[in-house]
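> 3D model of this:
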Amino acid sequence: MKKILILLSGMMLANALFGQDAKTPPKTQIMTLGVFHLAYHNLDVQTTEKKNQISVLEEPYQSEIIAICNAIEAFKPTMIAIEKSPNEQGAIDSLYSLYKSDQFTLKKDEIYQLAFRMGKKLNLPKIHCMNNWGKHYNNMKTLFKDSIRSANLENYYFQSPDSIYMESKKSKKVSNIIDEFTQLNDPKHIKESLSVYLLNPFKYEEEAGDFTGVDFETGRWFNRNLRIFRNIQRMAQKPEERILLIIGCGHLNLLNMFLDVSKEFDLVSPLPYLEVAKKNTCTK
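Model prediction:
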């Protein structure tokens with residue numbers, strides 16, 4: 001009798017677990033590919049001097065980009081998202097349509113070199129814009145209107161003795177795009193990059209004990225990436241979609257965290273695909 005009871009209990013537990021699995025909704029797979037901005041817009045805190053900028057339209061960089069695209073296409077994305085705001089969707093649609101009909105030559109930006117190139121080859125109908133610039137608290141909007149207060153914040157940002165930007169705000173020259181993407185998408189690098197946002201200007205105080213720096217970073221970075229994440233949620237209308245997100249590598253320190261803990265998404269690393277790209281370039 002005891003063995004029968006144990007057997008029945010085991011069957012009930014298995015049925016319960018099966019029932020839970022059956023009720024768990026399927027997740028949408030999403031690959032986040034963090035990049036440096038190939039066109040060197042220099043709109044971020046970290047900039048690249050002209051002498052250290054490469055031309056991705058030249059060799060060997062074009063071959064490296066093509067190898068990256070070929071490797072990631074094996075992920076079979078059904079949607080590609082880029083770091084452009086939804087209000088720019090019309091312009092992106094027009095350029096992408098021209099490119100698909102061979103009337104547009106790809107420029108340096110990763111939107112064209114990666115997203116457009118892969119989108120056309122995969123026969124995707126559009127490239128999705130999902131960027132957002134965040135929203136600041138009213139107290140920060142007031143600070144920005146005051147030239148003296150905003151200058152004090154900026155000076156602390158870059159000039160204070162413990163500023164992390166004093167040493168690292170200038171980017172070095174990239175020698176190999178695949179190697180660079182591999183480093184930028186490494187979990188250790190991503191984790192380290194988040195620590196930066198908890199230093200300067202996060203610690204800035206106009207008056208002792210206030211939260212000026214915290215409020216600044218809340219709008220500039222944390223609110224911004226939460227809004228980007230919401231735009232990604234809006235994209236994923238069907239769980240069977242496979243999303244490729246191409247975005248500045250800095251965003252991964254929050255977006256990957258959100259996606260990893262989300263009940264809606266299954267985060268896919270680009271590192272194995274970049275390894276394939278590297279092998280393919282080495283065998284040529």
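> Just the element for the spatially most central residue of the chain, please.
Centroid-nearest residue in the chain, with C-alpha atoms, centre = their mean: Ile247, separated by 3.8 Å. Per DSSP states H and E: Ile247 is located in strand 242-248.
> I'd like the distance between the residue nearest to the centre of the chain and Tyr204.
Note on Ile247: its distance to Tyr204, by C-beta to C-beta, to the nearest Å, is 27 Å. For every residue, glycine as well, the C-beta is placed using N, CA and C.
> With Leu57 instead?
Look at Leu57 and Tyr204: by C-beta to C-beta, they are 40 Å apart.
> Repeat that for Asn131.
The value you get for Asn131 to Tyr204, if C-beta to C-beta is used, is 26 Å.
> Of Leu57 and Tyr204, which one has the most company?
Neighbour count, other C-beta atoms under 10 Å: between Leu57 and Tyr204, Tyr204 has more, with 20 against 14.
> Show me the strands in the chain, by range?
All strands of the chain, identified by DSSP state E, fall at 28-35, 79-82, 128-129, 242-248, 265-268.
> now for these, which one comes closest to Ile148?
Of all these, it is strand 242-248 that lies closest to Ile148, at 31.0 Å by C-beta to C-beta.
> name the helices or strands packed onto that closest one?
With contacts taken as 3 or more C-beta pairs under 8 Å, 6 or more residues apart in numbering; DSSP states H and E, strand 242-248 sits against strand 28-35, strand 79-82, helix 224-235.
> One more pass at 10 Å, please.
Counting contacts by 3 or more C-beta pairs under 10 Å, 6 or more residues apart in numbering; DSSP states H and E, strand 242-248 packs against strand 28-35, strand 79-82, helix 110, helix 117-121, strand 128-129, helix 224-235, helix 252-261, strand 265-268.
> Contact partners for Arg242?
28-31, 75-80, 236, 266, 268 (C-beta atoms under 10 Å, 6 or more residues apart in numbering).
> Quick one: neighbours of Thr24, just the number.
Residues near Thr24, counting by other C-beta under 10 Å: 9.
> and it, how far is that from Gly134?
Thr24 is 33 Å from Gly134, where distance means C-beta to C-beta.
> what's the answer for Asp93, then?
Counting by C-beta to C-beta, the gap from Asp93 to Gly134 is 25 Å.
> again, but for Ile65
30 Å.
> residue contacts, Lys121?
Lys121 touches Cys69, Asn70, Glu73, counting by C-beta under 10 Å, 6+ apart.
> can you pull the contacts of the second one?
Right, the one you point to is Asn70. Asn70 sits next to Arg117, Met118, Lys121, Tyr273, Val276, Ala277, Asn280 when contact means C-beta under 10 Å, 6+ apart.
> What is the neighbour count of the closest residue to Asn52 other than its chain neighbours?
Leaving aside its sequence neighbours, Asn52 sits nearest to Lys173 (C-beta to C-beta, 6 or more residues apart in numbering; 4.0 Å). When counting by other C-beta under 10 Å, one arrives at 10 neighbours for Lys173.
> doesn't Lys51 make contact with Lys173?
Yes. Counting by C-beta atoms under 10 Å, Lys173 does reach Lys51; the two are 7.7 Å apart.
> Put the alpha carbons of stretch 270-284 into CSV.
Provided in CSV are the C-alpha atoms of stretch 270-284 (Å, rounded to 0.1, in the frame of the first residue of the first chain):
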residue,chain,number,x,y,z
PRO,A,270,25.3,37.0,-30.1
LEU,A,271,28.7,35.7,-28.9
PRO,A,272,28.4,32.2,-30.5
TYR,A,273,27.4,33.8,-33.8
LEU,A,274,30.3,36.3,-33.6
GLU,A,275,32.6,33.3,-33.1
VAL,A,276,31.3,31.8,-36.3
ALA,A,277,31.8,35.1,-38.1
LYS,A,278,35.4,35.2,-36.8
LYS,A,279,36.1,31.6,-38.0
ASN,A,280,34.6,32.4,-41.4
THR,A,281,36.9,35.4,-41.9
CYS,A,282,39.9,33.5,-40.7
THR,A,283,39.4,30.7,-43.3
LYS,A,284,39.3,33.0,-46.2
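> measure Gly134 to His251 for me?
Noted for Gly134: a distance of 11 Å to His251, by C-beta to C-beta.
> the more surrounded of those two?
Applying other C-beta under 10 Å to Gly134 and His251 shows that His251 carries more neighbours, namely 21 against 16.
> contacting residues around that one?
By C-beta under 10 Å, 6+ apart, the contact list for His251 reads Thr32, Gly34, Glu83, Asn131, Ile190, Ser193, Trp221, Arg224, Asn225, Ile228, Phe229, Leu245.
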